[in-house]
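Participant: sequence first, then the predicted structure, then my questions.
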Amino acid sequence: MIYTSGSTGRPKGVVIEHHALATYLHRARSTYSAMTGVTVLHSPLAFDLTITALWTPLTAGGTVHLALTLTEPVPVERYAGHSVTAVTDEERRSPWSARHAAYMIYTPASKSRTRNRA
């Protein structure tokens, strides 16, 4: 069971069958090839986006680092050795992010929808 807010913004439990998950992860590995190496996860483990962020690299033999939940910003230098693509403050304030509260950091940088911090 995973929890998803869908388009309503209200969490609800959803049962995912094994074959559906296996098919999805097979497709995710080919679509999000940047996630098959080392990634940093910063979302609740029961959240729907975590399926992609956690299981795609693990099923491809990759590594997942779990980010700490902190009250203070983390210096960029902490992740500098991992070629991290940072989520910008602008992206954190977007309506989608505000509704779903998922901030993921992928490494190496994905070709889709990423901005490297200088």
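Facilitator: Nice, thanks for sending it over. Numbering: from 1, shown residues only.
Participant: the nearest residue to His65 once chain neighbours are set aside and Gly62: what is the separation?
Facilitator: Nearest non-adjacent residue to His65, counting by CB to CB, 6 or more residues apart in numbering: Val40, 4.7 Å away. Any C-beta I mention is one placed from the backbone N, CA and C, and that applies to glycine too. Counting by CB to CB, to the nearest Å, the gap from Val40 to Gly62 is 12 Å.
Participant: where do the strands sit along the protein?
Facilitator: 2-4, 12-14, 38-41, 63-66, 105-106 (DSSP state E).
Participant: adding mean neighbour count, write those out as JSON lines.
Facilitator: Formatted as JSON lines, these follow (neighbours: other CB atoms under 10 Å):
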{"stretch": "strand 2-4", "mean neighbour count": "16"}
{"stretch": "strand 12-14", "mean neighbour count": "10"}
{"stretch": "strand 38-41", "mean neighbour count": "20"}
{"stretch": "strand 63-66", "mean neighbour count": "14"}
{"stretch": "strand 105-106", "mean neighbour count": "20"}
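Participant: of all these, which lies closest to Leu21?
Facilitator: Ranking the strands of the chain by proximity to Leu21 (CB to CB) places strand 2-4 first, at 9.4 Å.
Participant: which residues touch that closest one?
Facilitator: Here strand 2-4 makes contact (CB atoms under 8 Å, 6 or more residues apart in numbering) with Pro11, Lys12, Gly13, Val14, Ile16, Pro44, Ala46, Phe47, Asp48, Thr50, Ile51.
Participant: report the contact partners of the third one.
Facilitator: Okay, so that is Gly13. Contacts of Gly13 by CB under 8 Å, 6+ apart are Met1, Ile2, Tyr3.
Participant: if we go to 7 Å?
Facilitator: For Gly13, the contacting residues are Met1, Tyr3, by CB atoms under 7 Å, 6 or more residues apart in numbering.
Participant: dump the contacts of strand 2-4 into a markdown table; add distance to Tyr24 and pLDDT as well.
Facilitator: Output for the contacts of strand 2-4, formatted as a markdown table (distance: CB to CB, whole Å; pLDDT from 0 to 100):
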| residue | distance to Tyr24 | pLDDT |
| --- | --- | --- |
| Pro11 | 20 | 75 |
| Lys12 | 19 | 81 |
| Gly13 | 18 | 82 |
| Val14 | 13 | 80 |
| Ile16 | 8 | 85 |
| Pro44 | 19 | 71 |
| Ala46 | 17 | 68 |
| Phe47 | 15 | 72 |
| Asp48 | 11 | 75 |
| Thr50 | 13 | 80 |
| Ile51 | 7 | 83 |
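Participant: brilliant, that's me finished.
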